[in-house]
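Colleague: got a predicted structure plus its sequence, pasted below:
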Amino acid sequence: MEDQAVPVNFDGHPSPARGRDRSESVVSDHSDDHEAAVERQAAAELAAATTEALRNVTLRPSPFYKIVLTGGPCGGKTTALARLSSYLRERGFEVITCPEAFSILGSNGFEMSYFGTEGMAMVVQDTVMQLQESLEDGFEKILRARGKPGVVLCDRGLMDGAAYMDSEEWDEMLKRRNIKNVCALREGRYNAVFHLVTAAEGAEKFYSLENNEVRTETPEEARAVDVKTRDAWIGHPRLCVFDNSTNFEGKLQRLVDTTAQLVGLPAHLSRTATKFLLKRRPNLQEDFPPEIKYNVFMVEKVYLYDESSQSSGSDIIEEYSFVRKRTSLCKDGHRLGSAYGQT
């Protein structure tokens, strides 16, 4: 499978809606100048009473992106994190890399034999999610406080845990954590997800267990984990898969170009999004083979337009896409949750 950008995104601009903070339009009411003056004075007093860092956290004056690097074992995440960090810093972004939570456990005394305790898998994955979430949120707050363009590069994300649990355990863990909307862990949290395919798939001779002390998978197990990890993120509109069809340097260059396009930097990507107009509504139970994973969602767009263009007699109405709502559905049509983007 070649790496590809998922056709659906939150806007038509290289940079995503979530994370790219836009200034809000304020409409003045000239009939109540006194009230407006009071509000401005209150805002000025609030600004004077807080620090620059706290104002930046609240007002979010600069673009910010949170990107997940995931995939099967020995896919090149460690090298990719270093390459992307230096690339983005050289171009004016402040970057923090968020370490993989399970690796923190493994490098600080956690032993695989602990899984011998009944129910330990759920306890471990719940701990990993809690730790990962805390690290990501803390790093995001620090970068936002700087008030400059920033990027958090995450070594795996919150949805990765689904690859290491069966669906019943995963759903039970989310229920215990009071997470009702899986979209909040996926497209509602990250601007993009970059899946680096394990070397065990297409570059077998480079697959190794030597550079990660918590890695224990055989090549066969690595390929299985790779597929499960990718499936866990299906539904994110910016899930991009980077395979081993080129050498490793080529794989990294594709990753860098995709990142550049995401954050609005010049890129050398020639591919474009492709959409298909279907002759009929597909029967998902019959038309899709069971091994094909897919995500069903609805898209709702809100448009603002200038009414004066209609009164002027023009046949052309200038429209501007303002808000995009993307709602994920389960196979029976039940709504799982929504994420919003601004364009």
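Modeller: Looks like it arrived, so ask away. Not measured: the values here are computed from a predicted model.

Colleague: ok, longest helix in this structure?
Modeller: If you go by DSSP state H, the chain has its longest helix at helix 120-146.

Colleague: centre of the chain to it, how far?
Modeller: 15 Å (Cα atoms, centre = their mean, to the nearest Å).

Colleague: SS state for Arg326?
Modeller: What DSSP: H, G, I helix; E, B strand; the rest coil gives for Arg326 is strand.

Colleague: so for it, what's the pLDDT?
Modeller: Arg326 carries a pLDDT score of 71 in this model.

Colleague: for Glu217, which residues are in contact?
Modeller: 72-73, 209, 225 (Cβ atoms under 8 Å, 6 or more residues apart in numbering). C-beta: built from backbone N, CA, C; applies to glycine.

Colleague: ah, wrong one, I meant Thr327
Modeller: Counted by Cβ under 8 Å, 6+ apart, Thr327 has contacts 297-300, 335-338.

Colleague: doesn't Ala162 fall inside a strand?
Modeller: No. Judged by three-state DSSP, Ala162 forms no part of a strand; its state is helix.

Colleague: quick check: chain neighbours aside, which residue is closest to it?
Modeller: Leaving out its chain neighbours, the residue that sits closest to Ala162 by Cβ to Cβ, 6 or more residues apart in numbering is Ala232, at 4.0 Å.

Colleague: what does Pro73 give?
Modeller: Excluding the flanking residues, the one nearest Pro73 by Cβ to Cβ, 6+ apart is Ala222, at 4.5 Å.

Colleague: was I right to think that neighbour contacts Ala163?
Modeller: No. Using Cβ atoms under 8 Å, Ala222 is not in contact with Ala163; the gap is 11.7 Å.

Colleague: neighbour-wise, which of those two wins?
Modeller: For Ala222 versus Ala163, neighbours defined as other Cβ atoms under 10 Å are more numerous around Ala222 (24 against 21).

Colleague: quick one: that one and Arg281, what's the gap?
Modeller: As for Ala222, its distance to Arg281 is 38 Å (criterion: Cβ to Cβ, to the nearest Å).

Colleague: cool, and Pro99?
Modeller: 45 Å.

Colleague: and the two? Which one has more around it.
Modeller: For Pro99 versus Arg281, neighbours defined as other Cβ under 10 Å are more numerous around Pro99 (16 against 7).

Colleague: check contacts around the more buried one.
Modeller: So Pro99 contacts 135, 155 (Cβ under 8 Å, 6+ apart).

Colleague: let's see 10 Å
Modeller: 81, 107, 131-132, 135, 139, 154-156 (Cβ atoms under 10 Å, 6 or more residues apart in numbering).

Colleague: quick one on the thing from earlier: tell me which residues in the longest helix of the chain are buried?
Modeller: Going by neighbour count (16 or more other Cβ atoms under 10 Å), the buried part of helix 120-146 is 121, 124-126, 128-129, 131-133, 135-136, 139-140, 143-145.

Colleague: tell me what that helix is packed against?
Modeller: Applying 3 or more Cβ pairs under 10 Å, 6 or more residues apart in numbering; DSSP states H and E, one finds that helix 120-146 contacts helix 52-59, strand 64-71, strand 94-98, helix 101-106, strand 150-155, helix 167-176.

Colleague: can these go into JSON lines with extra columns for mean neighbour count?
Modeller: Compiled in JSON lines, the helices and strands packed on helix 120-146 are given as follows (neighbours: other Cβ atoms under 10 Å):
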{"stretch": "helix 52-59", "mean neighbour count": "14"}
{"stretch": "strand 64-71", "mean neighbour count": "26"}
{"stretch": "strand 94-98", "mean neighbour count": "19"}
{"stretch": "helix 101-106", "mean neighbour count": "19"}
{"stretch": "strand 150-155", "mean neighbour count": "24"}
{"stretch": "helix 167-176", "mean neighbour count": "14"}
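
Colleague: those into JSON lines, with extra columns for distance to Glu217 and mean pLDDT?
Modeller: Formatted as JSON lines, the helices and strands packed on helix 120-146 follow (distance: least, Cβ to Cβ, whole Å; pLDDT from 0 to 100):
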{"stretch": "helix 52-59", "distance to Glu217": "40", "mean pLDDT": "91"}
{"stretch": "strand 64-71", "distance to Glu217": "12", "mean pLDDT": "97"}
{"stretch": "strand 94-98", "distance to Glu217": "22", "mean pLDDT": "98"}
{"stretch": "helix 101-106", "distance to Glu217": "13", "mean pLDDT": "94"}
{"stretch": "strand 150-155", "distance to Glu217": "17", "mean pLDDT": "98"}
{"stretch": "helix 167-176", "distance to Glu217": "20", "mean pLDDT": "93"}
